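Enquirer: Provide a 3D model corresponding to the input given below.
(one chain, ligands or ions: 2)
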Amino acid sequence: MLIKVNVREIEAHKEIRVNFFEEKGVFDIEDRHLAMVKGKISGDLVFSEARGAVLGKGKISYRARIVCSRCLEPKEITIERDFYRIYEPKIEWQEPQEEEELSYGDLDVTEYKGEDIIINNDVRDEVLLGIPEFFFCSVDCRGLCAKCGENLNKHPRHSCKGNDIEEGWKKELQEKYREIKGGKDNGSS
Ligand SMILES: [Zn+2]
Ligand SMILES: [Zn+2]
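Expert: Ligands and ions are numbered 1, 2, ... in the order given. Purely as a prediction, here's the structure:
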């Protein structure tokens, strides 16, 4: 399903509000092993005319299940992102000009064809950008025992004695990853 904004309608009404509450599949968002979007993605966006272009801005929010980079425990959090995009009509016959200077500074300008601006990809980008690469379940997460993989948040007094531990640690990791992988979908590796 495409989420579209009609440019003629924006011209007629000055601005158009777009609200959506959609499954991640609508935006082609796949589950990843260490992070997955949970439930639907909601957006509250306003599109308005801006000097011959269209400005789209608002908020996108969703829940995500992310695995802590330290202790490997998944945690669900709510992520909210600002959406800010400028759309310009694609002019087919125009030769690309050298060093064309865009008047919007460093902002990304997205071109659209015809009368509809399709925002699925932009929402997708924003959702994926919102998922941190390194994530800590809490600021004082203690992580795992480097020797045996014991979760030190759950066992703060843990101390390792033996050194036949490599195996247990590996097993724990493998189990965790299997668990995460099996979370949903077939997962993309
Ligand atoms: Zn943690
Ligand atoms: Zn240990």
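
Enquirer: for the closest residue in space to Ile131 that isn't next to it in sequence, which residues are in contact?
Expert: Once flanking residues are discounted, Ile131 sits nearest to Ala35: 4.8 Å by CB to CB, 6 or more residues apart in numbering. Glycine gets a C-beta too; all of them are placed from N, C-alpha and C. Each residue near Ala35 by CB atoms under 8 Å, 6 or more residues apart in numbering is listed here: Ala64, Arg65, Ile66, Val67, Ile131, Phe135.

Enquirer: could you identify the buried members of these?
Expert: Neighbour-count burial within those applies to Ala64, Arg65, Ile66, Val67, Ile131, Phe135; the criterion is 16 or more other CB atoms under 10 Å.

Enquirer: what's the closest of those residues to ligand 2?
Expert: Checking the buried ones among the contacts of Ala35 against ligand 2 by CB to the ion gives Val67 as the nearest, at 20.0 Å.

Enquirer: gap between that closest one and ligand 1?
Expert: Between Val67 and ligand 1 the distance is 9 Å, computed by CB to the ion, to the nearest Å.

Enquirer: tell me what that residue is bridged to.
Expert: Beta-bridge pairing of Val67 under DSSP bridges involves Pro74.

Enquirer: what about the chain, any weak spots by pLDDT?
Expert: For the chain, residues meeting the criterion pLDDT under 70 lie at 92-107, 162-169, 180-189.

Enquirer: isn't Ile79 right up against Glu126?
Expert: No. Counting by CB atoms under 8 Å, Ile79 does not reach Glu126; the two are 9.8 Å apart.

Enquirer: which of those two has more neighbours?
Expert: Set side by side, Ile79 and Glu126 show more neighbours around Glu126, with 22 against 18, by other CB atoms under 10 Å.
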